[in-house]
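Undergrad: show me the folded form of this:
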Amino acid sequence: MTNDNVTHWKFPLPTFLRRKSYPSGFIPVKYNNLTSDVATLLQYFGSRLSKSINCTTQEGQWKAYQDCSLIESIIERRVDYFHSGIYSVVDTEGKPVTNAESKQILRLLANPNPLQNRAEFEQTVMVYKEVFGFCPLYKVMPANRTKGLPVAIWAINPMNFTYTLTGKLYLQSTLSGIVKEIRFMNPAGDAIVLNTEEQYSNIWILNGSTPKKDDLFTSQSPLYPCGELVSNFQVAVNVYGTLLKQSILGIISNRTTDKMGHQQLDGTDKSDVNEKLIKRYGLIEERDNFVVTNANLFFQSMLTNIGQLQIPDCLKISVNELCNRLGFQVELLSNKDITFENKRSAEIMQYQNHIIPFSQNYCESLTDFLLGEESTISITKSFAHLPILQKNKKEEADTMNVLVTSYGQLYKDGLITRNQYLSGIGLPEIPEGNLYITQADNTPLAIKYGVGGTQAIQSILLDATLTPEQKKNILIILFNLTPEQAAQMTGR
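TA: Numbering: from 1, shown residues only. This next block holds a predicted model:
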């Protein structure tokens, strides 16, 4: 095929492709409405280097996770973040519970089943939820009871999980009236069939945030609309790698001239150069790294033209779009150009927007699934211990100082009530606190505080170890006196 064919193109052909002959199997298209070199190469090499991934099916979603390094990296990073939390058992007021039952719950979460510890089990749950949009959980109860804590918990691969409905829905009051059968396969290939209300209680479906259309039981996979993006990313990676490995590396030419000014190698010279450079030395893998020759040769590299194709920019677009679709901060992927503060902010956002909300949903589901909806205790997972989520103590103190000063002055000037002052500095309101300083109770203090209170005030005023300012502050804090009242007593 000659260069005559190139004249039919509607856009420039990459420089390294403008030559007299093309590789075996390379057939250019005569016309294409695309205008970029990247699109051209994707068209040429895409069908050979990567098959399109259909993410609308569970098989395609699983293939995207297994084959696409970007999808795997995003999900594995999420697993790491989720695993950094610490479980605890709390009562209805959020206070830690440390009785025998709570210790048994924490032991179960630490070793959910005979084959997995907490980290391995959480990884399985997260991968299934992120890939398929939901993860069925199955609890194993001992033979002698049907209630209480199970002896094991398993995460079921959604590809092995199916259910059959009765065809009835709105007039039913039990799950068995809606679901006819639940069936799933264990790793050994045996089918487990559940078809009674009691058996259904051993299954819990942990869902994601996107519901499926006309499906009340399972959520939609976040990968569902990403098939084209995943395919484009895979093709761009493969094309870039193939060009680097298989394209023309450069041109070797003779720099010497004869008396007539000719620059050429005769047949013997060509054979000698070919033997030394191609068959023996470093132009292909697993050869010697140095060339020793008497020929005055010049090597013109052709690899620089690959950078003009902007394939790395094409990859960046795919990475950014996939991160947006999957709710993952792109700054958290390996990027040497990102600043520390930007990466720190991105990591905080990942916890706040995704990891912590999912953790709350997960723990609520575990509580209902393992302890029952009537339980007075619940399972929680905290990330407050992580340094990146802890507030800067100095900034916190400086902020409180500014709030106390500003809101305190407003209260002293009679512009806000006592409760507005307390709310402004982050403290709980008090009964009868909706009064301005000018509306304070005029009841004599001796009557208001009684004999004991009056004696306590006197002891503070007579304490020689305290400065007047310290006495004033103590009276304001302990006895809820106004600054004016405290000043009158201390002479300040």
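
Undergrad: where does the prediction get shaky in this protein?
TA: For the chain, the stretches with pLDDT under 70 are 1-51, 239-314, 334-337, 391-395, 440-452, 492.

Undergrad: can you give me the strands for it?
TA: 86-90, 134-140, 152-155, 161-165, 179-185, 191-194, 203-207, 211-212, 215-219, 250-254, 297-301, 378-382 (DSSP state E).

Undergrad: residues contacting the closest residue to Lys212 other than its chain neighbours?
TA: Nearest non-adjacent residue to Lys212, counting by Cβ to Cβ, 6 or more residues apart in numbering: Gln220, 4.7 Å away. In short, each C-beta sits where N, CA and C put it, glycine included. When the contact criterion is Cβ atoms under 8 Å, 6 or more residues apart in numbering, the partners of Gln220 are 133, 208, 210-212.

Undergrad: same thing with Leu461?
TA: So Leu461 contacts 471, 489-490 (Cβ under 8 Å, 6+ apart).

Undergrad: can you redo the strands of the chain as JSON lines with mean neighbour count and distance to Gly327?
TA: Putting those into JSON lines (neighbours: other Cβ atoms under 10 Å; distance: least, Cβ to Cβ, whole Å) gives the following:
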{"stretch": "strand 86-90", "mean neighbour count": "17", "distance to Gly327": "24"}
{"stretch": "strand 134-140", "mean neighbour count": "21", "distance to Gly327": "16"}
{"stretch": "strand 152-155", "mean neighbour count": "20", "distance to Gly327": "21"}
{"stretch": "strand 161-165", "mean neighbour count": "15", "distance to Gly327": "24"}
{"stretch": "strand 179-185", "mean neighbour count": "17", "distance to Gly327": "28"}
{"stretch": "strand 191-194", "mean neighbour count": "13", "distance to Gly327": "33"}
{"stretch": "strand 203-207", "mean neighbour count": "19", "distance to Gly327": "15"}
{"stretch": "strand 211-212", "mean neighbour count": "14", "distance to Gly327": "16"}
{"stretch": "strand 215-219", "mean neighbour count": "15", "distance to Gly327": "14"}
{"stretch": "strand 250-254", "mean neighbour count": "14", "distance to Gly327": "45"}
{"stretch": "strand 297-301", "mean neighbour count": "12", "distance to Gly327": "42"}
{"stretch": "strand 378-382", "mean neighbour count": "19", "distance to Gly327": "19"}
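
Undergrad: redo the ones you listed as JSON lines? Include distance to Val330.
TA: Listed next are the strands of the chain as JSON lines, based on distance: least, Cβ to Cβ, whole Å:
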{"stretch": "strand 86-90", "distance to Val330": "28"}
{"stretch": "strand 134-140", "distance to Val330": "25"}
{"stretch": "strand 152-155", "distance to Val330": "28"}
{"stretch": "strand 161-165", "distance to Val330": "32"}
{"stretch": "strand 179-185", "distance to Val330": "36"}
{"stretch": "strand 191-194", "distance to Val330": "41"}
{"stretch": "strand 203-207", "distance to Val330": "26"}
{"stretch": "strand 211-212", "distance to Val330": "26"}
{"stretch": "strand 215-219", "distance to Val330": "24"}
{"stretch": "strand 250-254", "distance to Val330": "35"}
{"stretch": "strand 297-301", "distance to Val330": "32"}
{"stretch": "strand 378-382", "distance to Val330": "26"}
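
Undergrad: so which of those is nearest Asp368?
TA: strand 203-207 (7.5 Å; Cβ to Cβ).

Undergrad: now that closest one - C-alpha only, CSV.
TA: Output of strand 203-207 as CSV, limited to C-alpha atoms (Å, rounded to 0.1, in the frame of the first residue of the first chain):
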residue,chain,number,x,y,z
ILE,A,203,-30.5,-13.3,54.7
TRP,A,204,-29.8,-9.5,54.6
ILE,A,205,-29.2,-7.6,51.4
LEU,A,206,-26.8,-4.7,52.0
ASN,A,207,-27.7,-2.2,49.3
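
Undergrad: what pairs with that strand, parallel or antiparallel?
TA: Paired strands of strand 203-207, with direction, are strand 134-140 (antiparallel) (DSSP bridges).

Undergrad: now the partner strand against strand 161-165, angle please.
TA: 90 degrees (axes from the mean of the first three to the mean of the last three Cα atoms, to 10 degrees).

Undergrad: angle of strand 134-140 against strand 179-185?
TA: 90 degrees.

Undergrad: what does strand 134-140 rub up against?
TA: 113, 124-125, 128-129, 150-156, 158, 161, 184, 192, 202-208, 218-219, 365, 369-370.

Undergrad: picking that back up, between the contacts of Gln220, which sits nearest Ile460?
TA: Gly208 (60.2 Å).

Undergrad: quick one: contacts for that closest one?
TA: Per Cβ under 8 Å, 6+ apart, neighbours of Gly208: 129-130, 133-134, 219-222.

Undergrad: quick check: closest non-adjacent residue to it.
TA: Spatial nearest neighbour of Gly208, chain neighbours left out: Ser219 (4.2 Å); criterion: Cβ to Cβ, 6+ apart.

Undergrad: wait, doesn't that neighbour sit right on Thr210?
TA: Yes - Ser219 lies in contact with Thr210 (Cβ atoms under 8 Å); the separation is 5.6 Å.

Undergrad: mutual contacts of these two, please.
TA: Shared contacts of Ser219 and Thr210, counting by Cβ under 8 Å, 6+ apart, come down to Gly133.

Undergrad: so what touches stretch 179-196?
TA: By Cβ under 8 Å, 6+ apart, the list of residues contacting stretch 179-196 from outside reads 136, 138, 156, 160-166, 176, 199-200, 202-203.

Undergrad: nearest to Tyr351, of these?
TA: Among those, and counting by Cβ to Cβ, the member closest to Tyr351 is Pro136, at 26.2 Å.

Undergrad: how about the helices of the stretch 151-300 of the chain, start to end?
TA: 197-200, 227-246, 267-274 (DSSP state H, counting those that start in this stretch).

Undergrad: next, the contact list for Gly491, please.
TA: Pro468 are the contacts of Gly491 under Cβ under 8 Å, 6+ apart.

Undergrad: er, Asn342 I mean
TA: Glu331.

Undergrad: relative to Phe383, how far out is it?
TA: According to Cβ to Cβ, to the nearest Å, Asn342 and Phe383 sit 20 Å apart.

Undergrad: also Gly208?
TA: 20 Å.

Undergrad: what's the answer for Met159, then?
TA: Counting by Cβ to Cβ - Met159 and Phe383 are separated by 31 Å.

Undergrad: can you give me the domain boundaries for the chain?
TA: As assigned by automatic domain parsing, the chain contains the domains 58-222, 393-490.

Undergrad: a markdown table for these, including distance to Ile338?
TA: Putting the domains of the chain into a markdown table (distance: least, Cβ to Cβ, whole Å) gives the following:
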| stretch | distance to Ile338 |
| --- | --- |
| domain 58-222 | 14 |
| domain 393-490 | 23 |
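
Undergrad: now Ser365. Nearest residue, chain neighbours left out?
TA: In space, and not counting its chain neighbours, Ser365 is closest to Leu206: 5.4 Å by Cβ to Cβ, 6+ apart.

Undergrad: so the one you found makes contact with Ser359?
TA: No - counting by Cβ under 8 Å, Leu206 does not reach Ser359; the two are 11.7 Å apart.

Undergrad: so in terms of bridging, what pairs with Asn113?
TA: Under the criterion used (DSSP bridges), Asn113 bridges to Gln116.
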